[in-house]
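[1] I need the structure of the sequence given here:
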Amino acid sequence: MEKIKDLAKKFLTRDIILYVIFGVLTTLVNIGSFYVMTSILKWNEDLSNFIAISLAILFAYFTNKDWVFHSKAKGFKEKFSEFLKFVAGRAVTMVIEFGGCFILFRTPIPPIISKCGINVIIVILNFLISKFYTFKDKKDTKTEEENNNENHEKSTMEK
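    Got it, this is the predicted structure:
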(Lines give C-alpha, C1' and ligand atoms only; values in the text may rest on other atoms or scores of the structure.)
Protein backbone atom coordinates (compact mmCIF):
# COMPACT_ATOMS: atom_id res chain seq x y z
CA MET A 1 0.00 0.00 0.00
CA GLU A 2 2.91 2.31 0.79
CA LYS A 3 4.37 1.76 -2.70
CA ILE A 4 1.07 2.81 -4.26
CA LYS A 5 1.08 6.01 -2.19
CA ASP A 6 4.68 6.72 -3.21
CA LEU A 7 3.81 6.21 -6.90
CA ALA A 8 0.75 8.44 -6.54
CA LYS A 9 2.86 11.20 -4.96
CA LYS A 10 5.43 10.90 -7.72
CA PHE A 11 2.98 10.98 -10.63
CA LEU A 12 0.10 13.02 -9.25
CA THR A 13 1.87 16.35 -9.12
CA ARG A 14 0.01 19.64 -9.35
CA ASP A 15 1.17 20.10 -12.97
CA ILE A 16 0.01 16.65 -14.02
CA ILE A 17 -3.37 17.10 -12.33
CA LEU A 18 -3.83 20.47 -14.06
CA TYR A 19 -2.67 18.97 -17.36
CA VAL A 20 -5.24 16.20 -17.03
CA ILE A 21 -7.98 18.72 -16.23
CA PHE A 22 -7.05 20.95 -19.19
CA GLY A 23 -6.44 17.86 -21.31
CA VAL A 24 -10.01 16.73 -20.61
CA LEU A 25 -11.30 20.23 -21.44
CA THR A 26 -9.20 20.32 -24.62
CA THR A 27 -10.56 16.91 -25.57
CA LEU A 28 -14.09 18.20 -24.94
CA VAL A 29 -13.40 21.16 -27.24
CA ASN A 30 -12.06 18.75 -29.84
CA ILE A 31 -14.79 16.11 -29.60
CA GLY A 32 -17.59 18.60 -28.88
CA SER A 33 -16.82 20.72 -31.92
CA PHE A 34 -16.35 17.56 -34.01
CA TYR A 35 -19.76 16.33 -32.86
CA VAL A 36 -21.46 19.64 -33.65
CA MET A 37 -19.90 19.80 -37.12
CA THR A 38 -20.63 16.17 -38.06
CA SER A 39 -23.92 15.45 -36.31
CA ILE A 40 -25.69 18.81 -36.30
CA LEU A 41 -24.15 20.65 -39.25
CA LYS A 42 -23.62 17.41 -41.25
CA TRP A 43 -20.15 18.45 -42.40
CA ASN A 44 -17.62 16.00 -43.80
CA GLU A 45 -15.88 13.99 -41.04
CA ASP A 46 -12.33 14.68 -42.24
CA LEU A 47 -12.85 18.45 -42.57
CA SER A 48 -14.65 18.54 -39.22
CA ASN A 49 -11.81 16.61 -37.63
CA PHE A 50 -9.22 19.08 -38.96
CA ILE A 51 -11.18 22.09 -37.66
CA ALA A 52 -11.84 20.41 -34.30
CA ILE A 53 -8.16 19.60 -33.83
CA SER A 54 -7.17 23.19 -34.72
CA LEU A 55 -9.61 24.64 -32.18
CA ALA A 56 -8.31 22.24 -29.54
CA ILE A 57 -4.69 23.25 -30.24
CA LEU A 58 -5.46 26.93 -29.69
CA PHE A 59 -7.40 26.20 -26.50
CA ALA A 60 -4.59 23.97 -25.22
CA TYR A 61 -1.86 26.53 -25.88
CA PHE A 62 -3.52 29.28 -23.89
CA THR A 63 -4.37 27.02 -20.95
CA ASN A 64 -1.06 25.12 -20.85
CA LYS A 65 1.36 28.01 -21.18
CA ASP A 66 0.22 29.70 -17.98
CA TRP A 67 -1.64 27.17 -15.87
CA VAL A 68 0.29 23.94 -16.41
CA PHE A 69 3.83 24.67 -17.60
CA HIS A 70 4.17 28.23 -16.22
CA SER A 71 5.80 29.69 -19.30
CA LYS A 72 8.81 31.89 -18.60
CA ALA A 73 8.90 33.32 -22.13
CA LYS A 74 9.52 37.06 -22.17
CA GLY A 75 9.08 39.42 -25.06
CA PHE A 76 7.49 38.85 -28.42
CA LYS A 77 10.34 36.82 -29.92
CA GLU A 78 10.45 34.26 -27.08
CA LYS A 79 6.68 33.98 -26.86
CA PHE A 80 6.34 33.57 -30.62
CA SER A 81 9.10 30.95 -30.65
CA GLU A 82 7.35 29.08 -27.85
CA PHE A 83 4.03 29.25 -29.71
CA LEU A 84 5.69 27.89 -32.87
CA LYS A 85 7.21 25.01 -30.85
CA PHE A 86 3.80 24.29 -29.36
CA VAL A 87 2.13 24.31 -32.76
CA ALA A 88 4.92 22.15 -34.24
CA GLY A 89 4.50 19.59 -31.45
CA ARG A 90 0.76 19.61 -31.89
CA ALA A 91 1.16 19.35 -35.66
CA VAL A 92 3.02 16.09 -35.14
CA THR A 93 0.27 14.71 -32.92
CA MET A 94 -2.38 16.14 -35.25
CA VAL A 95 -0.91 14.06 -38.08
CA ILE A 96 -1.00 11.01 -35.81
CA GLU A 97 -4.59 11.78 -34.78
CA PHE A 98 -5.73 12.59 -38.29
CA GLY A 99 -4.10 9.43 -39.68
CA GLY A 100 -5.53 7.24 -36.93
CA CYS A 101 -8.99 8.69 -37.35
CA PHE A 102 -8.76 8.51 -41.14
CA ILE A 103 -8.16 4.76 -40.83
CA LEU A 104 -10.66 4.15 -38.03
CA PHE A 105 -13.45 6.19 -39.69
CA ARG A 106 -13.46 3.55 -42.41
CA THR A 107 -14.13 0.70 -39.98
CA PRO A 108 -17.39 -0.37 -38.34
CA ILE A 109 -16.33 1.47 -35.14
CA PRO A 110 -18.51 4.58 -34.63
CA PRO A 111 -16.51 7.73 -35.52
CA ILE A 112 -17.00 9.33 -32.10
CA ILE A 113 -15.64 6.19 -30.37
CA SER A 114 -12.66 6.13 -32.75
CA LYS A 115 -11.94 9.78 -32.03
CA CYS A 116 -12.12 9.26 -28.25
CA GLY A 117 -9.73 6.31 -28.37
CA ILE A 118 -7.16 8.14 -30.45
CA ASN A 119 -7.42 11.15 -28.12
CA VAL A 120 -6.14 9.17 -25.12
CA ILE A 121 -2.88 8.52 -26.99
CA ILE A 122 -2.71 12.11 -28.20
CA VAL A 123 -3.10 13.62 -24.71
CA ILE A 124 -0.17 11.56 -23.41
CA LEU A 125 2.04 12.46 -26.39
CA ASN A 126 1.14 16.15 -26.09
CA PHE A 127 2.11 16.23 -22.42
CA LEU A 128 5.50 14.71 -23.15
CA ILE A 129 6.17 17.10 -26.05
CA SER A 130 5.09 20.14 -24.02
CA LYS A 131 7.08 19.19 -20.93
CA PHE A 132 10.30 18.16 -22.63
CA TYR A 133 10.31 20.40 -25.73
CA THR A 134 7.95 23.36 -25.83
CA PHE A 135 7.98 24.62 -22.24
CA LYS A 136 11.30 23.13 -21.15
CA ASP A 137 13.04 25.37 -18.62
CA LYS A 138 16.07 27.17 -20.04
CA LYS A 139 18.09 26.06 -17.03
CA ASP A 140 17.45 22.46 -18.15
CA THR A 141 18.71 23.12 -21.67
CA LYS A 142 22.40 23.64 -21.03
CA THR A 143 24.56 22.74 -23.94
CA GLU A 144 26.94 19.82 -23.76
CA GLU A 145 29.80 22.32 -23.81
CA GLU A 146 28.40 24.16 -20.75
CA ASN A 147 28.07 20.86 -18.88
CA ASN A 148 31.62 19.86 -19.83
CA ASN A 149 32.94 23.24 -18.67
CA GLU A 150 31.17 22.85 -15.31
CA ASN A 151 32.54 19.34 -14.89
CA HIS A 152 36.04 20.55 -15.79
CA GLU A 153 35.80 23.39 -13.24
CA LYS A 154 34.66 20.96 -10.52
CA SER A 155 37.46 18.53 -11.23
CA THR A 156 40.03 21.38 -11.26
CA MET A 157 38.77 22.61 -7.88
CA GLU A 158 38.99 19.11 -6.42
CA LYS A 159 42.70 18.78 -7.36
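[2] quick one, what contacts the residue sitting nearest the centre point of the chain?
    Closest to where the C-alpha atoms of the chain average out (CA atoms, centre = their mean) is residue 126, at 2.3 Å. Residues counted as contacts of residue 126 (CB atoms under 8 Å, 6 or more residues apart in numbering) are 23, 60, 89, 90, 93. In this view, the C-beta of every residue, glycine as well, is placed from N, C-alpha and C.
[3] any idea which helix or strand in this protein has the lowest mean pLDDT?
    The helix or strand of the chain with the lowest confidence, counting by mean pLDDT, DSSP states H and E, is helix 144-158 at a mean of 51.
[4] now do the buried residues in the top helix by length along the chain.
    Ordering each helix of the chain by length in residues (DSSP state H) puts helix 75-104 first. Within helix 75-104, the residues scored as buried using 16 or more other CB atoms under 10 Å are 82-83, 85-87, 89-90, 93-94, 97, 100-101, 104.
[5] pick out the lowest-pLDDT one from the residues you listed.
    Sorting the buried residues of helix 75-104 by pLDDT puts residue 94 at the bottom of the list (84).
[6] count residues in the vicinity of the nearest residue to it once chain neighbours are set aside, would you?
    Closest residue in space to residue 94, ignoring its immediate chain neighbours: residue 53 at 5.0 Å, by CB to CB, 6 or more residues apart in numbering. Per other CB atoms under 10 Å, the neighbour tally for residue 53 reads 24.
[7] how about the one 4 residues further on?
    The burial count assigned to residue 57 is 20, neighbours taken as other CB under 10 Å.
[8] report the buried residues of the one helix or strand it maps to.
    For residue 57, the host element (DSSP states H and E) is helix 45-63. Using 16+ other CB under 10 Å as the test for burial, helix 45-63 gives 45, 48-50, 52-53, 55-57, 59-61, 63.
[9] ok so, going back, now for the contacts of residue 126: which two are most distant?
    Across these, the longest distance by CB to CB is 14.0 Å; it joins 23 and 89.
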